[in-house]
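[1] Sequence plus predicted model, see below.
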Amino acid sequence: MTVKDILAAIQSPDSTSEDFAALPLPESYRAITVHKDETEMFSGLATRDKDPRKSIHLDDVPVPELGPGEALVAVMASSVNYNSVWTSIFEPMSTFGFLERYGKVSELTRRHDLPYHVIGSDLAGVVLRTGPGVNAWRPGDEVVAHCLSVELESSDGHNDTMLDPEQRIWGFETNFGGLAEIALVKSNQLMPKPGHLSWEEAAAPGLVNSTAYRQLVSRNGAQMKQGDNVLIWGASGGLGSYATQFALAGGATPICVVSSEQKAEICRRMGAELIIDRSAEDYRFWSDEHTQNPREWKRLGKRIRELTGGEDVDIVFEHPGRETFGASVYVTRKGGTIVTCASTSGYDHQYDNRYLWMSLKRIIGSHFANYREAWEANRLIAKGRIHPTLSKVYSLEDTGQAAYDVHRNMHQGKVGVLCLAPEEGLGVRDEEMRARHVDAINRFRNI
Ligand SMILES: C/C=C/C(=O)SCCNC(=O)CCNC(=O)[C@H](O)C(C)(C)COP(=O)(O)OP(=O)(O)OC[C@H]1O[C@@H](n2cnc3c(N)ncnc32)[C@H](O)[C@@H]1OP(=O)(O)O
Ligand SMILES: NC(=O)C1=CN([C@@H]2O[C@H](COP(=O)(O)OP(=O)(O)OC[C@H]3O[C@@H](n4cnc5c(N)ncnc54)[C@H](OP(=O)(O)O)[C@@H]3O)[C@@H](O)[C@H]2O)C=CC1
């Protein structure tokens, strides 16, 4: 039995749940990995010069044992997230520390502590097997998976699953991730695959769409409302392309920051009108490595006022971090909110606190999304209210190049990876709905 037989079953319109349940599992599968004995390979290099193509491998690895409450999924497609870039350059720390720590939780979690890490935090595919105690899903179900892994043994996570003390991001802080032909997930990560999308389109939104939903829309984030002005950094990137859609769909006004005319055009295609090209306008928020230039914060603020007819922003959607955070705090209106989920350019932020307290602004930290938020975000994709922002698709063999593109900011929106799917465009079950949305689905293609 090989993964080819699994693919044949997925591609046959006659396959039943019983057929999938009866398929023997292969002993091994192809997976994108990083290796524990290579974590020092980039020592001494600047972040920019650490090359994911050197650290990312395509290996044959054994199929992991299936535990209670878990599912093995045949992965048709996945996508590259920035967390896989961090994993592949071993910053801010090697992910093997996470696996070692997880391995100490129980007999079962010890499986994750291996000398290789199968990475990836998105998937679209088909359930192959479910473990004891799983009733909601069956072999043959077509699914996507969100990346929140929790144990839920403490009461801390029972109001908001992100607050579980054993909260982890699957495929980053756990092993057996989605950039592979087979993945191991907890069954409560599974959600229905939107029928109007191909495998690679369905795999693209998951992580970033759920994160942007919590960060911007949810009561746990900025609680954006109609009429809000929302400054969105990297508005055509992974997170930003969903934040822009949420702002527009929710009756807010996105002010999209991008770094090229090409990216500005993508934002216009989404329906945004207020766009700032940070490269063309050449903002230099830092005079040198240690000193910020508040005149540049003010120049950005003036530009925002020009675009909005004199208004400041109610919400800043932050993730670049050190480079932009001082400016973000400055340009937020009195009583407004800076909501942050990352620090791509550095996690030691500096901002002038007088502008925060005197103007009663708030900084909110946000991370991924709880089960309910991830489900609600996927539901909006399934209803065709929010669309995938897939620009380019790579083969599993070329995942290193895909991660390199994201690391060097050479991509648009989301970058997909075909795992078992032999070509793009497969897996669409609702052609009629697709036809209604096809232009929006393809907005990020060929630009
Ligand atoms: C969905 C996608 C998301 C993304 O893409 S996010 C971007 C990628 N992610 C990242 O860049 C984050 C990577 N992770 C990290 O950098 C680290 O992960 C953290 C900095 C978040 C945490 O580091 P740690 O070493 O795990 O945390 P500590 O708090 O220093 O814990 C070490 C020990 O310190 C103890 N401790 C924690 N809080 C306190 C306290 N308040 N007072 C005293 N001790 C404390 C703990 O218990 C533990 O102890 P013990 O080592 O014995 O287990
Ligand atoms: N905590 C969480 O749950 C999550 C955190 N993240 C983190 O968020 C960050 C962004 O992820 P994602 O959106 O997928 O990545 P992308 O690279 O797809 O998009 C980020 C965009 O931000 C802009 N940007 C990058 N650096 C700077 C800078 N120095 N100043 C201003 N703008 C900048 C770029 O757009 P342009 O050049 O057009 O301005 C870039 O395209 C990563 O660090 C990631 O790890 C992501 C998802 C979830």
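    That came through fine. Ligands and ions are numbered 1, 2, ... in the order given.
[2] Give me the pLDDT for the nearest residue to L66 once chain neighbours are set aside.
    Among residues not flanking L66 along the chain, G131 sits closest, at 4.7 Å (Cβ to Cβ, 6 or more residues apart in numbering). Using the backbone N, CA and C atoms, a C-beta is placed for each residue, glycine as well. As predicted, G131 sits at a pLDDT of 98.
[3] Next, give phi and psi for G131.
    Backbone torsions of G131, given as degrees, to the nearest 10, read phi -90, psi 180.
[4] just checking, it touches L108?
    No. At 9.9 Å, G131 does not count as touching L108 under the criterion of Cβ atoms under 8 Å.
[5] Have a look at these two and say which one is more surrounded.
    G131 (17 against 14; other Cβ atoms under 10 Å).
[6] how near is that one to ligand 2?
    According to Cβ to the nearest ligand atom, to the nearest Å, G131 stands 27 Å off from ligand 2.
[7] Likewise for Y351?
    15 Å.
[8] how about that residue, what does it touch?
    F325, G326, S328, V329, Y330 (Cβ atoms under 8 Å, 6 or more residues apart in numbering).
[9] buried ones in the top helix by length along the chain?
    Across the chain, the longest stretch assigned as helix under DSSP state H is helix 294-308. Residues E296, W297, R299, L300, G301, R303, I304, L307 are the ones in helix 294-308 that count as buried (16 or more other Cβ atoms under 10 Å).
[10] Mind putting the contacts of Y351 into CSV with neighbour count and distance to ligand 1?
    Below are these laid out as CSV (neighbours: other Cβ atoms under 10 Å; distance: Cβ to the nearest ligand atom, whole Å):
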residue, neighbour count, distance to ligand 1
F325, 27, 15
G326, 21, 20
S328, 28, 18
V329, 24, 21
Y330, 24, 24
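[11] Of the residues you listed, which belong to helices?
    Using DSSP H, the contacts of Y351 in helices are F325, G326, S328, V329, Y330.
[12] Tell me which residues touch the second one, please.
    I take that to be G326. Applying Cβ under 8 Å, 6+ apart, the residues near G326 are F285, Q292, P294, W297, H349, Q350, Y351, D352.
[13] can we see that at 10 Å?
    Going by Cβ atoms under 10 Å, 6 or more residues apart in numbering, G326 touches F285, W286, Q292, N293, P294, E296, W297, H349, Q350, Y351, D352, Y355.
[14] for the first one, same thing?
    For F325, the contacting residues are 233, 285, 292, 316, 318-319, 338, 340, 343, 345-351, 363, taking Cβ under 10 Å, 6+ apart as the criterion.
[15] and what of the third one?
    With contacts defined as Cβ under 10 Å, 6+ apart, the neighbours of S328 are 231, 233, 285, 297, 300, 313, 316-321, 338-340, 349, 351, 361, 363.
[16] Would you map the helices across the stretch 51-200 of the chain?
    For the stretch 51-200 of the chain, the helices defined by DSSP state H, counting those that start in this stretch occupy 52-55, 82-89, 96-103, 199-203.
[17] And these: which comes nearest H146?
    helix 199-203 (11.6 Å; Cβ to Cβ).
[18] near ligand 1 at all, the helix or strand following that closest one?
    The helix or strand immediately downstream of helix 199-203 is helix 206-212, counting by DSSP states H and E. Yes. Applying Cβ under 6 Å from any ligand atom, one finds helix 206-212 in contact with ligand 1 at L207, T211.
[19] after helix 206-212 comes which helix or strand?
    Heading C-terminal from helix 206-212 (DSSP H and E), you reach strand 229-232.
[20] Look up how far R299 lies from L390.
    35 Å (Cβ to Cβ, to the nearest Å).
[21] now R111
    53 Å.
[22] cool, A369 as well?
    34 Å.
[23] same deal with G416?
    37 Å.
[24] can you tell me how far the residue in the stretch 1-150 of the chain that ligand 1 sits nearest to sits from Y283?
    Nearest residue of the stretch 1-150 of the chain to ligand 1, counting by Cβ to the nearest ligand atom: N83, 3.6 Å away. Noted for N83: a distance of 27 Å to Y283, by Cβ to Cβ.
[25] same thing with G227?
    Relative to Y283, and taking Cβ to Cβ, G227 is found at 26 Å.
[26] In terms of packing, which of the two has more residues around it?
    Comparing G227 with Y283 by neighbour count (other Cβ under 10 Å), the higher total belongs to Y283, at 19 against 11.
[27] Run a quick neighbour tally on the closest residue to P62 other than its chain neighbours.
    Spatially, and ignoring its direct neighbours in sequence, P62 is nearest to S28 (5.4 Å; Cβ to Cβ, 6+ apart). Neighbourhood size, S28 [other Cβ under 10 Å]: 15.
[28] residues in contact with S28?
    T2, V3, D59, D60, V61, P62, V63, E181, I182.
[29] Please indicate which of these are buried?
    Counted by 16+ other Cβ under 10 Å, these give V3, V61, V63, E181, I182 as buried.
[30] tell me which of these is nearest to R219?
    Using Cβ to Cβ, the buried ones among the contacts of S28 come closest to R219 at I182, 36.5 Å.
[31] how far away is the closest one from A264?
    For I182 relative to A264 (Cβ to Cβ), the value is 40 Å.
[32] which strand in the chain runs the most residues?
    strand 70-80 (DSSP state E).
[33] who does that strand pair up with?
    The strands beside strand 70-80 in its sheet (DSSP bridges) come out as strand 123-130 (antiparallel), strand 182-186 (antiparallel), strand 414-418 (antiparallel).
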